[in-house]
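Visitor: next input, structure requested:
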Amino acid sequence: MKFSLVGRDGGSKARAGVLHTAHGEIPTPIFMPVGTAGSVKAVHQRELEHDINARIILGNTYHLYLRPGLGILRQAGGLHRFNGWPHPILTDSGGYQVYSLAENRKITEEGVTFKSHIDGSSHFFSPEGVMDIQRAIGADIIMAFDECTPYPCEYHYAKKSMELTHRWLTRCVSRVNETTALHGYEQSLFPIVQGSVYKDLREESARFVADQGLDGNAIGGLSVGEPHDMMYEMTDRVCDLLPAEKPRYLMGVGTPENILECIALGIDMFDCVMPTRNARNGMLFTAEGIINIRNEKWKNDLRPVDEALGGYVSTAYSRAYLRHLVINKEILGAQIASIHNLTFYLWLVREARKHILTGTFTGWKNEMVKKVTQRL
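Guide: As a prediction, this is how the structure comes out:
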């Protein structure tokens, strides 16, 4: 994988680049739709590629390991061939699921023993094992195994957890170096900066991660309940320490406002379940603000969902029709809303890229933040 910077914004730390992978180029900044179990919920791969214009999607190691399992993924030739997605894929290491399974897991120096959320069966993830799993899945970008700390989190625990994450990272790097990709193309390992909301820990972790000299770097353990200002402060400091010539991935973030503000801090890659999860509950993101399509006010509104975005789904269906589908719990309602929200997120990062390249990002960003945070 190679990363090339093609432009910077004069009024912020925002940058535009291109990620070159075995499955295609990714213009940055980029948002990655979350396809946890090999599928972006309610969205066909054709819509992802042609309507939404997604350039990369995310899969989850924990969920894919449990179902469908590594045997069929190896037999298929990796996740790309199994799910029919021809473009790049990134896999999360499962560290966040370890965090979310707090009552059903035990963390030791060797790794994590946990119980499946499906049937209660016991499993063990080690740094080496997680690298082997991601080799079998075959994502273009694979993540190091880490522990994601909760918020709030005491300093002592955050430090201990960060140091464990660093030791696990060393083992992940060793495992990747001593093994080869299984499906005929190279995979890039991204390490993860941790340290909760403590500036000195974040700085220490950022330096340790940068010293690994890997193809890209990620920031984890944010967007877990901390105030947005705190998330921005940690992100800003870490971006200052991570190498400028490598892509920076802020994991699990977030709202349109979060994405815009963090692009301004120097982040290149984002993922979040919010656009699809909120869509299934009737919340739509638009270029003018947030719509709760369940509200009575949209019952007779025959305007397109969001004409500004272009794209078939956002312009072909009226707000009144989409409200009708959602109120009646029609599956098509969840599908249209999910495609629309993802279309908006990909439109937003494309627009950000355009304004970075023309040197007008900061003013545009400030205006867009006002719009995307208001409720219509």
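
Visitor: for residue 349, the count of nearby residues, please.
Guide: Neighbours of residue 349 under the rule other CB atoms under 10 Å: 23. To be clear about C-beta, it is placed using only N, CA and C from the backbone, and glycine gets the same treatment.

Visitor: ok, now residue 359?
Guide: When neighbours are defined as other CB under 10 Å, residue 359 has 13 of them.

Visitor: next one: it from residue 3, what distance?
Guide: Distance, residue 359 to residue 3, using CB to CB, to the nearest Å: 21 Å.

Visitor: now residue 48
Guide: Residue 48 is 23 Å from residue 3, by CB to CB.

Visitor: neighbour count for the two, which is higher?
Guide: Remark: of residue 48 and residue 3, residue 48 carries more neighbours, 22 against 19, as counted by other CB under 10 Å.

Visitor: so what's the more buried one closest to, chain neighbours aside?
Guide: If the residues on either side of it in the chain are set aside, residue 48 comes closest to residue 54, at 4.6 Å by CB to CB, 6 or more residues apart in numbering.

Visitor: ditto for residue 308
Guide: The nearest residue in space to residue 308 (CB to CB, 6+ apart) is residue 287, at 4.2 Å.

Visitor: check residue 110 too.
Guide: Spatial nearest neighbour of residue 110, chain neighbours left out: residue 126 (5.8 Å); criterion: CB to CB, 6+ apart.

Visitor: swap in residue 288?
Guide: The spatially closest residue to residue 288, leaving aside those adjacent along the chain, is residue 371, at 5.6 Å (CB to CB, 6+ apart).

Visitor: can you check residue 244 too?
Guide: Nearest non-adjacent residue to residue 244 (CB to CB, 6+ apart): residue 5, at 7.4 Å.

Visitor: most remote residue from this protein's center?
Guide: When distances are taken from the C-alpha mean of the chain, residue 300 lies farthest, 35.6 Å away, according to CA atoms, centre = their mean.

Visitor: tell me, how many residues neighbour the closest residue to that residue other than its chain neighbours?
Guide: Spatial nearest neighbour of residue 300, chain neighbours left out: residue 320 (5.7 Å); criterion: CB to CB, 6+ apart. Using other CB under 10 Å, residue 320 is surrounded by 14 other residues.

Visitor: is it true that residue 320 touches residue 301?
Guide: Yes - using CB atoms under 8 Å, residue 320 makes contact with residue 301 at a distance of 5.2 Å.

Visitor: re earlier: got the CA coordinates for the helix or strand containing the residue nearest to residue 288 in PDB?
Guide: Using DSSP states H and E, residue 371 sits in helix 361-372. Presented in PDB, the C-alpha positions along helix 361-372 are these (Å, rounded to 0.1, in the frame of the first residue of the first chain):
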ATOM      1  CA  PHE A 361     -12.100  24.200   3.300                       C
ATOM      2  CA  THR A 362     -12.100  26.100   6.500                       C
ATOM      3  CA  GLY A 363     -14.800  28.600   5.600                       C
ATOM      4  CA  TRP A 364     -16.900  25.800   4.000                       C
ATOM      5  CA  LYS A 365     -16.400  23.500   7.000                       C
ATOM      6  CA  ASN A 366     -17.600  26.200   9.500                       C
ATOM      7  CA  GLU A 367     -20.700  26.800   7.500                       C
ATOM      8  CA  MET A 368     -21.400  23.100   7.100                       C
ATOM      9  CA  VAL A 369     -21.000  22.400  10.800                       C
ATOM     10  CA  LYS A 370     -23.800  24.900  11.500                       C
ATOM     11  CA  LYS A 371     -26.100  23.200   8.900                       C
ATOM     12  CA  VAL A 372     -25.500  19.500   9.700                       C
END
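
Visitor: which other helices and strands contact it?
Guide: Judged by 3 or more CB pairs under 8 Å, 6 or more residues apart in numbering; DSSP states H and E, helix 361-372 is in contact with helix 256-263, strand 289-292, helix 331-358.

Visitor: what's opposite the residue nearest to residue 244 in the beta bridge?
Guide: residue 17 (DSSP bridges).

Visitor: where exactly do the strands run in the stretch 151-300 of the chain?
Guide: Assigned strands in the stretch 151-300 of the chain, in chain order: 188-190, 192-193, 217-219, 248-250, 269-271, 283-286, 289-292 (criterion: DSSP state E, counting those that start in this stretch).

Visitor: identify all contacting residues around the first one.
Guide: What it means is strand 188-190. Here strand 188-190 makes contact (CB atoms under 8 Å, 6 or more residues apart in numbering) with 1, 21, 131, 140-144, 172-173, 176, 214-218, 249.

Visitor: pLDDT of it, averaged?
Guide: Strand 188-190 comes out with an average pLDDT of 98.

Visitor: list the contacts of stretch 329-347.
Guide: Residues from elsewhere that reach stretch 329-347 (CB under 8 Å, 6+ apart): 31, 33, 40-43, 47-48, 51-54, 256, 259, 275-276, 278-280, 282-287, 293, 305-306, 309-311, 313-314, 317, 322, 324-326.

Visitor: what segments of the stretch 1-150 of the chain are helices?
Guide: Remark: helices assigned in the stretch 1-150 of the chain by DSSP state H, counting those that start in this stretch are 45-46, 61-66, 70-76, 79-83, 95-100, 127-137.

Visitor: which one of these lies closest to residue 230?
Guide: Nearest to residue 230, of all these, is helix 95-100, at 17.8 Å by CB to CB.

Visitor: nearest to residue 193, out of the helices of the stretch 1-150 of the chain?
Guide: Across the helices of the stretch 1-150 of the chain, closest to residue 193 is helix 95-100 (CB to CB), at 12.3 Å.

Visitor: and the residue most central in space within the chain, how far from residue 70?
Guide: Taking CA atoms, centre = their mean, the centroid of the chain lies closest to residue 271, which sits 1.8 Å from it. For residue 271, the distance to residue 70 (CB to CB) stands at 23 Å.

Visitor: sweet, I'm off.
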